[in-house]
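[1] Mind folding the following:
(chains A and B)
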Amino acid sequence: MSTQEQKRRIELLQGTLDLLILRTLLLGPAHGHAIARAIELRSDDVLQVEQGSLYPALHRLIKRGWISVVEGVSENNRRAKFYRLTPKGRRQLTLETGKWHKLAGAIARILRPSEQEGKP
Amino acid sequence: MRRRERMLAGLDEEIRQHIETEIEDSIARGMTPGEARRAALRKFGNVSRVKEETRDVWTAVWLEQFWQDVRYALRTLRKSPGFTAVAAITLALAIGANTAIFSVVYAVLLRPLPFANPDRLVLVFDSNQREQDPFDGLSYADFEECREQNRAFTDVAANQEHQLTLTGVGEPTVLTTNVVTPELFSVLGVKPLAGRTFLPEDGKRGAAPVVIVSENLWRSRFGADPNLVGRSISLDKRPFTVVGIMPASFRSLLLVEHEDIWIPIVQDPMFGKWMSRAGGHWMRVIARLKPGVSLAQAQAEMNTLSARLAKEFPAENSGWSIHVEPLQESIVGFARPALLVLLGAVGLVLLIACVNIANLMLSRASARAREIAVRIALGAGRKRIIRQLLTESAVLGLVGGVIGVLLAYGGVHALSSFLPADLPRVQSIRVDARVLAFALFLSVAASFLFGLAPSIFAADSNLLTGLKEASGRAGESGGPRRARAFLAISEIALAMVLLVAAGLLLRSFTMLTSVNPGFNAEDVVKADISLPQFEYSTPQQWTSFSDALLDRLQAEPGLQNSAMVVPLPLDEGNVNLNLKIAGNPPLPPGISLTADFTSVSPGYFRVMGIPLLRGRLFTEQDSESGPRVTVISEALARRYFPGQDPTGRQLIFGFPPNGNVSREIVGIVGDVRDAALNQAPSPMMYVPFDQAPFWGGQIVVKSSLGAASVAGSIRHATHEIDKDLPVTDIETLPETLRASVSQERFRTLLLGLFGVTALLLAAVGIFGVISYSVARRTRELGIRMALGATPGRVLKLVLTESARLVLVGLVLGIIGALGLTRFLSSLLFQVHAADPLTFLGVAALLSLVALFACYVPARRAMRVDPLEALRYE
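    As a prediction, this is how the structure comes out:
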């Protein structure tokens, strides 16, 4: 990974990882590595997730009851833990996504003030 | 906990698989296996931290880490028993002393009075603007006015102390009697153990005599007789019916001594005399404020009442005003300054102990720099290190606290045996839950105090220096060195403050005990004799008893020098009376002359060695039938007859109710400090006992026969006259003198003890700092000596360093002491709070001790072998 590549990547905001995990699991149950890959792929490698940090986050979500664990078999035929969104988690995702859009919109407006104010 | 195990099971495997999968993916994308592994690990991050963080999700992390820290701390402390012992013992002594003193302060000053809603209780007292001690009781007449004319109190009660003699149950005994109006028990809100308290009818004149007995007396005298209530007992040879028993926990707290019995005030032999308006200000009045009525409102009402009384009865009431004060304050207020000074002083001792331990910890932290550096290198965060070191101090603090509490138990025991008897509520001093909570608080606070700085320095220590320093020779970084110097300086300063306080009290106490009381106590024995007043009811009986007793004593060889006196100076208080000088123009209203009154038999002045300055002393001719005479003290002559010869003049005064008796001044004697050794001699007027007799008094005998034999003779002579008369409080006059300064002795002793402790701690502290500094500079000193420095120069070098610390400490200490000793001034006698001699003396003592403490390590520095030092790696 070159330095340039590193610059292109954005460090995750605190708490955003939880949201990304929930969003990923909306598509169906997945094991740890698959979740990590999915986040990387879907963000075109822009979001840098230290893969390890996924695990404390997963356990936090389990503790809150937003996801649950099931035993399964991975695509390369290994026994693996699959994480699945719970109904509670689904509700939380809707809530958090709404919040996120609001926040993103607000930040965008602040960062581009000239469009409104610039024209006399 | 189960869920946690289940959730975490397989975490390692899961992570391993995760990384494998990542590697496989990368290889599939064309990386070499080695590259792929490195990339996967980099992408994953720190595996062990991830595991730990995941586990932390399921744990109350701090708790787990806390236990880890505690276990680690215990292990570390066990590994250095020397350090642990010194630190724990220092701390235990300091916390023990603090806890013990706090238990006294709490019991005496803070604990609420043991009555219902004690904060609504007030003392109502009378105050005369002319007197120095504006704290008198109400006259009975004023008490009645106050009881009838107020809207502020739910109830008002008066009481007075008296002594009655119990006969018919074993040896005759003098009982401390609280003479009360029936409302006292309801005002205080207390219930009897058995029977009842007084009813309003018991307080009416002509009511049958009744008595309430204390549980202690009930047990000790009546064998806990279940049928005592309803029985009749003989007090001063008069039958009283027992109506109730009060529990041992009940004390009205207005008497210094315990109370044995309570009787209605109308049953007291003195009651008739108390009734008159001029009957003296002897009623202690307690009232309970109505709900919602403030102290200020009650006071306003009393102001109106005082003004009206002064107008209605100008002769008796002008100049007097009635005041109210919370009862607790009136009982304990006078003890507060001394106790708070003691608490402050012992707090300083704790502070010094903390500084000392901080110093030790700092030295130890430097020695442990390598261990800490390794922990940091292995990934421990700064906060984690600080927390772990603080846990270590907290464990140390608690160990010290536990030992300290054990010491406090012993200390409280030891303290109560030499507490001054006139300190209120001493019986309730004990180590209870509150005191334990205080000790716990102290331990924790102390651990923070001595633990914080060392842990911060330790956690901040540079990694490289830390690892390098392991060899123990590199120069210490500036922070800890400055901190250590700062600690040494503060120790000196704190010790200085404490020692100055101790020195001032000590000097004051020496002044006090060397002050001339005005009489010669040597070889004088005194005894109290109280005549039962129902049996001995007339003044003639009192004089004939006194004459008979003195005759018997004086007939015995070696006891000729004996006399009767009421009241004996410095024993149980003085009697201050108004007087008029015949022939002087009348005084403006509100102004009166007063002097202390003493009734004595003719031999008194010789027994006490009080010198006659002019005129004559009393003789046997100054009897009941002779002309009324008085002998005055020099102070009275100087104050009221400036530049005149008072002999031959007439003074008008008398013990109530016989207040207006004209007496010729026949002599002037030397001054006596009768109220207290620390008070200037009051003007005094003496009258012959036969012309102003009392129902007993104090017998004083000057004899070389020895106290025990004299006491035996007094008892024998008394019982020959009346076998039912108790003789009490036999002691030598020097003992009486010592007892009169027991509060002063107590605080001087304690503060002295604290001062010595502070001195020792400071010496140990500075010794530690200088030893440590010498040890660290061994190599430097070696080089200096190798380059030609003489041992003398090295000694000077080290001593200069120490002297600077000591000097700065002294200066700061003097400034601190100047600021703080003014809180002492109310406790000092003939010594100024900024007494230069004390300050100089203490500074000299402290410097000497400190320099000696430095000299020991300095000599070691002088003997450093240059070769050894250089080789020292």
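
[2] Quick check: buried residues in the helix or strand encompassing B:Pro480?
    According to DSSP states H and E, B:Pro480 maps onto helix B:478-514. Under the neighbour-count criterion of 16 or more other C-beta atoms under 10 Å in any protein chain shown, helix B:478-514 has B:480-481, B:483-509, B:512-513 buried. C-beta coordinates here come from the backbone N, C-alpha and C atoms, glycine included.

[3] just stretch B:98-111 next, same as before
    Across stretch B:98-111, burial judged by 16+ other C-beta under 10 Å covers B:98-109, B:111.

[4] Quickly check those residues for the two that are furthest apart.
    B:Asn98 and B:Arg111 (17.5 Å; C-beta to C-beta).

[5] Quick check: B:Met7 vs A:Ile67, distance?
    12 Å (C-beta to C-beta, to the nearest Å).

[6] which stretch of helix or strand covers residue 92?
    I'll assume chain A. helix A:87-111.

[7] that's the other chain; I wanted chain B
    helix B:81-105.

[8] just B:Ile632 next, same as before
    strand B:629-633.

[9] helices or strands up against that strand?
    strand B:661-669, strand B:684-688 (3 or more C-beta pairs under 8 Å, 6 or more residues apart in numbering or on different chains; DSSP states H and E).

[10] and B:Leu350, how far is that from B:Gly401?
    11 Å.

[11] Give me the more crowded residue out of these two.
    Applying other C-beta atoms under 10 Å in any protein chain shown to B:Leu350 and B:Gly401 shows that B:Gly401 carries more neighbours, namely 27 against 22.

[12] Please name the residues that touch that one.
    Contact partners of B:Gly401, counting by C-beta atoms under 8 Å, 6 or more residues apart in numbering or on different chains, are B:91-92, B:95, B:439-440, B:442-443, B:446.

[13] do the same with A:Arg42
    The contact partners of A:Arg42, taken as C-beta under 8 Å, 6+ apart, are A:Thr24.

[14] For it, give its distance to chain B.
    16 Å (C-beta to the nearest C-beta, to the nearest Å).

[15] circling back to that earlier point, from the chain's centre, how far out is the helix holding A:Gln92? Work that out for me.
    Chain-centre distance of helix A:87-111: 12 Å, with C-alpha atoms, centre = their mean, to the nearest Å.

[16] Flag every buried residue along it.
    Residues of helix A:87-111 classed as buried: A:89, A:92-93, A:96 (neighbour count, 16+ other C-beta under 10 Å).

[17] Dump these into a markdown table; add distance to chain B as well.
    Converted to a markdown table, the buried residues of helix A:87-111 look like this (distance: C-beta to the nearest C-beta, whole Å):
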| residue | distance to chain B |
| --- | --- |
| A:Gly89 | 16 |
| A:Gln92 | 17 |
| A:Leu93 | 20 |
| A:Glu96 | 19 |
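
[18] Where does confidence bottom out across these?
    pLDDT across these is lowest for A:Glu96, at 83.

[19] where does chain A have low pLDDT?
    By pLDDT under 70, the low-scoring segments of chain A are A:1-15, A:45-48, A:113-120.

[20] can you tell me the residue of it closest to chain B?
    Closest residue of chain A to chain B, C-beta to the nearest C-beta: A:Gly52 (3.6 Å).

[21] Just give the number of residues close to that residue.
    Neighbours around A:Gly52, by other C-beta under 10 Å: 24.

[22] Which residues are in contact with it?
    Contacts of A:Gly52 (C-beta under 8 Å, 6+ apart): B:15, B:44-47, B:49-50.

[23] neighbours around the closest residue to A:Arg37 other than its chain neighbours, how many?
    For A:Arg37, ignoring the flanking residues on the chain, the nearest one in space by C-beta to C-beta, 6 or more residues apart in numbering or on different chains is B:Asp25 at 7.6 Å. Close neighbours of B:Asp25, defined as other C-beta under 10 Å, add up to 15.

[24] so B:Asp25 is in which element?
    helix B:11-28.

[25] How about the residues of the stretch 751-873 of chain B by chain A?
    Neighbours of chain A within the stretch 751-873 of chain B, by C-beta under 8 Å from any C-beta of the partner chain: none found.

[26] now, which of the contacts of A:Gly52 lie close to chain A?
    Checking the contacts of A:Gly52 against chain A (C-beta under 8 Å from any C-beta), the matches are B:15, B:44-47, B:49-50.

[27] Type out the ChimeraX command that picks the buried ones from the residues you listed.
    Remark: buried members of the ones next to chain A among the contacts of A:Gly52, expressed as a ChimeraX selection using 16+ other C-beta under 10 Å:
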select /B:15,44,47,50
